[in-house]
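Undergrad: Okay, sequence plus prediction incoming.
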Amino acid sequence: MKESKGNTKMTNETMNTEAAASLPATGYVRQVQLVGNKGKGVLGVIPFSAATLWRKVAAKEFPAPVKLSAGVTAWKVEDVRAWMAQRA
């Protein structure tokens with residue numbers, strides 16, 4: 001069972017790289033585009049959960065989102081790409 005988990009993690013890391021390449025060059029991305037949604041089969045581009053995303057935002061370890069309207073929060077793609085480049 002542990003081997004299977006390791007293989008899944010390796011696959012997810014590969015998929016994250018592929019998903020990151022699909023980010024638009026400019027614009028905004030929503031939380032589900034960043035962390036994904038396993039239940040709906042949506043892959044994220046960052047290797048952590050929504051809860052961890054918000055912890056990192058609060059700790060200033062991940063770019064802060066922009067409030068686009070009362071019910072819409074998103075991140076600038078340029079900021080996300082810069083954060084990813086710093087960790088590569």
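TA: In hand now; what should we look at? Residues are numbered from 1 along each chain as shown.
Undergrad: Okay, strands next: where are they in the chain?
TA: 28-29, 36-37, 42-43, 66-69, 72-76 (DSSP state E).
Undergrad: Compile those into a markdown table and extend it with columns for mean pLDDT.
TA: Formatted as a markdown table, the strands of the chain follow (pLDDT from 0 to 100):
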| stretch | mean pLDDT |
| --- | --- |
| strand 28-29 | 95 |
| strand 36-37 | 89 |
| strand 42-43 | 83 |
| strand 66-69 | 96 |
| strand 72-76 | 97 |
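Undergrad: Out of those strands, which gets nearest to Ala82?
TA: strand 72-76 (9.2 Å; CB to CB). The way it works is simple: take the backbone N, C-alpha and C, and place the C-beta from them, glycine included.
Undergrad: Dump the closest one to CSV, keeping only the CA atoms.
TA: Extracted in CSV, the C-alpha atoms of strand 72-76 (Å, rounded to 0.1, in the frame of the first residue of the first chain):
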residue,chain,number,x,y,z
VAL,A,72,-14.9,36.0,-6.2
THR,A,73,-11.3,35.8,-5.0
ALA,A,74,-8.5,35.0,-7.4
TRP,A,75,-4.7,35.1,-7.7
LYS,A,76,-2.8,36.9,-10.4
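Undergrad: got the contact list for it?
TA: Gly27, Tyr28, Val29, Arg30, Gln31, Leu34, Pro63, Pro65, Val66, Lys67, Leu68 (CB atoms under 8 Å, 6 or more residues apart in numbering).
Undergrad: Which among those count as buried?
TA: Taking 16 or more other CB atoms under 10 Å as the criterion, what is buried in the contacts of strand 72-76 is Tyr28, Val29, Gln31, Leu34, Pro63, Pro65.
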